[in-house]
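Enquirer: got a predicted model here, sequence first, then my questions.
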Amino acid sequence: MVLNAIIDLNVLEIFDQAPAPEVSATYIVSKLPQTSNNGHGSSALDRMLRLLAAHSLLSCSTRKLENGGFERLYGVTRAGKFFIKSKHGSLASFSFISRSRALA
């Protein structure tokens, strides 16, 4: 379900167009269409990205902030690139097939 949500929101395409190889969840949320302004989007997305990093679809590193805190930076791995929608095709469409009720 997390992978499907990431694909639905075009998060992997945001990674593909990002100015750096690794970006924060806050950066990605700033590029998403604003449908809700509850302030929890960044932390929810961070949890989703951590799960994909645990399954090696994303890389994850940390950066120390000036205020003493830290933030996670994520990048797309080779395996994750197969799910980026492109003119050459992608595995993203197969994730939707797997959740189809017709196949269940």
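Expert: Structure's in. What do you need? None of these values were measured; they are calculated from a predicted model. Numbers count the residues shown, from 1 in each chain.
Enquirer: what bridges to Arg72?
Expert: Arg72 forms beta bridges with Thr62, as assigned by DSSP bridges.
Enquirer: list the residues that contact it.
Expert: 24-25, 46, 49-50, 60-63 (CB atoms under 8 Å, 6 or more residues apart in numbering). C-beta coordinates here come from the backbone N, C-alpha and C atoms, glycine included.
Enquirer: Ala6: how many residues sit nearby?
Expert: Wrong residue type there; residue 6 is Ile, not Ala. Using other CB atoms under 10 Å, Ile6 has 25 neighbouring residues.
Enquirer: thought it was touching Ile14?
Expert: No - using CB atoms under 8 Å as the test, Ile6 is too far from Ile14 to be in contact (9.9 Å).
Enquirer: now Ile28, nearest residue through space, not along the chain?
Expert: Leaving out its chain neighbours, the residue that sits closest to Ile28 by CB to CB, 6 or more residues apart in numbering is Ile14, at 5.3 Å.
Enquirer: good, wrapping up.
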